[in-house]
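In: Return atomic coordinates for the entry below.
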Amino acid sequence: MEQEKSIQIITGSANETFVFARRIGEKLREGDILALSGELGSGKTCFTAGLARGLGVSENYQITSPTFTLINEYPAKCKLYHFDVYRLNDYSDMEDLGYDEYFAGHGVVVIEWAEKIIQIIPEAAIFIKFEYIDDEKRKITIKGQQQRLKELCTDMKNGG
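Out: Residues are numbered from 1 along each chain as shown. Next up is the predicted model:
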């Protein structure tokens with residue numbers, strides 16, 4: 001099994017979170033699953049919007065959290081499936097959505113409130129935790145397989 005690694009970054013504003021996520025989105029590929037967790041308002045949807053733009057989702061699409069629909073799909077270089085599982089009781093509710101088809105690798109999957117369905121998230125997923133530091137700053141911890149994290153985060157230091 002490949003070694004897991006984690007990195008932490010601090011963003012100083014919602015815009016910095018968005019820009020950081022856009023750069024990651026540019027490097028995502030079909031089959032990537034990102035499992036986001038963190039308190040309400042901690043930056044999960046802002047981050048997802050950045051990922052979407054990095055993947056090439058048109059500015060014509062407003063990226064919103066699909067709290068009531070559970071999933072939004074966006075066309076891009078590879079399709080983006082954006083789940084918000086906040087309203088689910090547990091992972092068994094995902095069966096009705098046919099989640100396994102989405103997880104099968106035919107696009108990029110982003111899951112907000114992933115901790116609610118942790119039992120069904122594949123081991124190879126990238127886990128991203130958002131924590132408040134203050135009104136503007138967030139600590140973002142990204143965990144995943146070492147090689148994939150290296151690919152996603154190369155050139156991120158020093159403003160790159």
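
In: only C-alpha atoms for contact and neighbour calcs from this point on.
Out: Fine.

In: Do you have the strands of the protein handy? List them.
Out: 4-11, 33-38, 71-74, 80-84, 108-112, 126-132, 138-145 (DSSP state E).

In: helices or strands up against the third one?
Out: The one in question is strand 71-74. Identification of packing neighbours for strand 71-74 by 3 or more Cα pairs under 8 Å, 6 or more residues apart in numbering; DSSP states H and E yields strand 80-84.

In: Report the backbone C-alpha coordinates of the strand it packs on in PDB.
Out: Below are the C-alpha coordinates for strand 80-84, written out as PDB (Å, rounded to 0.1, in the frame of the first residue of the first chain):
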ATOM      1  CA  LEU A  80     -17.400  17.400 -12.000                       C
ATOM      2  CA  TYR A  81     -19.800  15.700  -9.600                       C
ATOM      3  CA  HIS A  82     -20.300  17.900  -6.500                       C
ATOM      4  CA  PHE A  83     -22.000  16.100  -3.600                       C
ATOM      5  CA  ASP A  84     -23.300  17.800  -0.400                       C
END
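
In: Could you tell me which strands sit next to that strand in the sheet, and their orientation?
Out: Applying DSSP bridges, strand 80-84 is found paired with strand 71-74 (antiparallel), strand 108-112 (parallel).
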